[in-house]
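Visitor: take a look and give me a structure for this.
(chains A, B, C and D)
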Protein chains: 2
Amino acid sequence: MVKESIKRDYTREEICDILRSDLIAGKYRYDQPLREISLAKRFGVSRGPIRDAFLKLTQEGSLVYETNRGVRVHSAIADEERKIMMNMRLELEKYCVSKYIEEANHKDHGELEILLEQFKNACLRESLPEVAERDLALHRHWVTRVSKNLELIWLGLAVRISMKYSRLENFEESIGEHERIVEAILVKNKDGALKALALNVI
Amino acid sequence: MVKESIKRDYTREEICDILRSDLIAGKYRYDQPLREISLAKRFGVSRGPIRDAFLKLTQEGSLVYETNRGVRVHSAIADEERKIMMNMRLELEKYCVSKYIEEANHKDHGELEILLEQFKNACLRESLPEVAERDLALHRHWVTRVSKNLELIWLGLAVRISMKYSRLENFEESIGEHERIVEAILVKNKDGALKALALNVI
DNA sequence: ACGATAGAAATTGTCAACAATTTCAAATTG
DNA sequence: CAATTTGAAATTGTTGACAATTTCTATCGT
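Guide: Model (predicted):
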């Protein structure tokens, strides 16, 4: 990414988002500690903003914090818990997609199509980290458009689920699944959208 | 509380927990800003740990952060979203209670009985803030015993739901509901526990 | 009296220094 | 040689200072 080569200062939020992508993409091993100083150097800031980002990611569940020992990547989630979380995520997204279909305007639809396009491009490039990131960005779109409250809950679920295994192996199938969801949303076919969503999230 | 009169330094976590209780108890108005300096003085620490606590509570959803403007109490949640969250919370707790019944040992049962007792005392004293706090502590017990992962998700849901209205008005009924849950758990009556839970959470 | 403006006050953002703690490796002892 | 101790290095925890920004207030002009 070009972003990283241009040396400028990053904000808390940007640092948090970048680290989250890295975590989802699997750039760090399970249980690997993340050091404040090295990341501070990488982002060109002091340790303060890094600590802020750590706290946020800890609260989301992708990092674990221990007193006087800093943070490390959260260990793998148990299969059973993963199922519970996926179910919660599905129920949450179903509500959001229903609402989204009722409320979304022309501009939203435009953004949605762009996000789908970016997801498809990432799939075609077969870059797993990018695919994971674009997948989340697409789903996040209809969640955040509907409710900032639910977005927080959703983020915690989605990040944790995605970390387990980036099970987005079959890119072609994944493209098809998402195309069906977006298409149904655009023509306001609520029933079809929810069915397509269920097939994708579970 | 005696805790506050003894002047000593608080840790991040303690500050976070105390502020969370205050928020649930309704000590602050909706949209009221929280100032770093005044809280730093109150807890006898510098602004750093206060900022840490703010970030955690923001992530949980009880506070809202705006750049260069600090945090304020999150405005009331919409009824429809509240329903969705309550449903998610119920599903999550049902799973945890089932697991808890299978896994809990003698020591856990002892803690559970203590927490129930404390809840009942708070009810008898008719102190709404205390009741809200003890209610959360009791439910939190079986969640955290089962999964640290799910606890994070649960906390975000429970705090946000509790803030809307502390609907714990009928103390006697509330005591009965919780007694039935705990009793069923102790005799490992899974079906009864889940039914009692559903009546309480919804 | 009313609105705009400039300056003061209050508040948040960031940093670098220092204290406290943990980690690691070399030296010591049985 | 294994287990323990000791001390140095690395890392986190906390603080106070200063910069940047927002908010408040008093002044000014119409």
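Visitor: where does chain A have low pLDDT?
Guide: Regions of chain A meeting the criterion pLDDT under 70 cover residues A:1-8, A:164-169.
Visitor: strands along that one, start to end?
Guide: With DSSP state E, the ranges of strands along chain A come out as A:33-34, A:63-66, A:70-73.
Visitor: give me whichever of the ones you listed is most buried.
Guide: Comparing the strands of chain A by mean neighbour count (mean count of other CB atoms under 10 Å in any protein chain shown), strand A:70-73 ranks first with a mean of 19. Where you see a C-beta, it was placed from the backbone N, CA and C, and this is true even at glycine.
Visitor: what sits against the residue in chain A positioned nearest to chain B?
Guide: In chain A, no residue comes nearer to chain B than A:Q59, which is 3.8 Å away by CB to the nearest CB. With contacts taken as CB atoms under 8 Å, 6 or more residues apart in numbering or on different chains, A:Q59 has the following neighbours: A:G156, B:L55, B:K56, B:Q59, B:E60, B:L152.
Visitor: pull the residues that contact stretch A:84-93.
Guide: A:77, A:139, A:142-143, A:150, A:153-154, A:157-158, A:160-161, A:197-198, A:201-202, B:84, B:87-88, B:91-92, B:95, B:149-150, B:153.
Visitor: 7 Å instead, please
Guide: Contacting residues not belonging to stretch A:84-93 are listed as A:139, A:143, A:150, A:153-154, A:157-158, A:160-161, A:197-198, A:201-202, B:84, B:87-88, B:91-92, B:95, B:150 [CB atoms under 7 Å, 6 or more residues apart in numbering or on different chains].
Visitor: drop anything exposed from these.
Guide: Applying a neighbour-count criterion of 16 or more other CB atoms under 10 Å in any protein chain shown, the buried members of these are A:139, A:143, A:150, A:153-154, A:157-158, A:160-161, A:197, A:201, B:84, B:87-88, B:92, B:95, B:150.
Visitor: can you flag which of those belong to helices?
Guide: Judged by DSSP state H, the subset of the buried ones among the contacts of stretch A:84-93 located in helices is A:139, A:143, A:150, A:153-154, A:157-158, A:160-161, A:197, A:201, B:84, B:87-88, B:92, B:95, B:150.
Visitor: where do the helices of chain A begin and end?
Guide: Counting by DSSP H, residue ranges of the helices within chain A are A:12-24, A:36-43, A:47-60, A:79-103, A:106-124, A:128-146, A:148-164, A:171-186, A:190-201.
Visitor: may I have the fifth one as PDB, with CA atoms only?
Guide: These are the backbone C-alpha positions of helix A:106-124, laid out as PDB (Å, rounded to 0.1, in the frame of the first residue of the first chain):
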ATOM      1  CA  HIS A 106     -29.800   6.600  -4.100                       C
ATOM      2  CA  LYS A 107     -26.400   7.600  -2.700                       C
ATOM      3  CA  ASP A 108     -26.300   4.600  -0.400                       C
ATOM      4  CA  HIS A 109     -27.000   2.300  -3.300                       C
ATOM      5  CA  GLY A 110     -24.100   3.900  -5.200                       C
ATOM      6  CA  GLU A 111     -21.800   3.300  -2.300                       C
ATOM      7  CA  LEU A 112     -23.000  -0.300  -2.000                       C
ATOM      8  CA  GLU A 113     -22.300  -1.000  -5.600                       C
ATOM      9  CA  ILE A 114     -18.800   0.500  -5.300                       C
ATOM     10  CA  LEU A 115     -18.100  -1.700  -2.200                       C
ATOM     11  CA  LEU A 116     -19.300  -4.800  -4.100                       C
ATOM     12  CA  GLU A 117     -17.000  -3.900  -7.000                       C
ATOM     13  CA  GLN A 118     -14.000  -3.500  -4.700                       C
ATOM     14  CA  PHE A 119     -14.800  -6.800  -3.100                       C
ATOM     15  CA  LYS A 120     -15.000  -8.500  -6.500                       C
ATOM     16  CA  ASN A 121     -11.700  -7.000  -7.500                       C
ATOM     17  CA  ALA A 122     -10.000  -8.300  -4.400                       C
ATOM     18  CA  CYS A 123     -11.400 -11.800  -5.100                       C
ATOM     19  CA  LEU A 124     -10.100 -11.700  -8.600                       C
END
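Visitor: that one to helix A:79-103, inter-axis angle?
Guide: What separates the directions of helix A:106-124 and helix A:79-103 is an angle of 140 degrees, with axes from the mean of the first three to the mean of the last three CA atoms, to 10 degrees.
Visitor: pull out the buried positions in helix A:106-124.
Guide: Of the residues in helix A:106-124, those buried by neighbour count under the rule 16+ other CB under 10 Å are A:L112, A:L115, A:L116, A:F119, A:K120, A:A122, A:C123.
Visitor: same thing with the first one?
Guide: By neighbour count on 16+ other CB under 10 Å, the buried set for helix A:12-24 is A:R12, A:I15, A:C16, A:I18, A:L19, A:R20, A:S21, A:D22, A:L23, A:I24.
Visitor: wait, which of these is closest to DNA strand C?
Guide: The shortest separation between DNA strand C and any of the buried residues of helix A:12-24 is 5.4 Å, and it belongs to A:R12 (by CB to the nearest atom of the strand).
Visitor: could you chop chain A up by domain?
Guide: Recorded structural domains for chain A (assignment: automatic domain parsing) are A:12-73, A:79-201.
Visitor: how about the shortest one and DNA strand D, touching?
Guide: The reference is to domain A:12-73. Yes. Using CB under 7 Å from any atom of the strand, a contact is recorded between domain A:12-73 and DNA strand D, made by A:33-37, A:47-48, A:51, A:67-71.
Visitor: burial of the residue nearest to A:L157 when sequence neighbours are not counted, as a residue count?
Guide: The spatially closest residue to A:L157, leaving aside those adjacent along the chain, is A:R89, at 4.5 Å (CB to CB, 6 or more residues apart in numbering or on different chains). The number of residues packed near A:R89 is 22, by other CB atoms under 10 Å in any protein chain shown.
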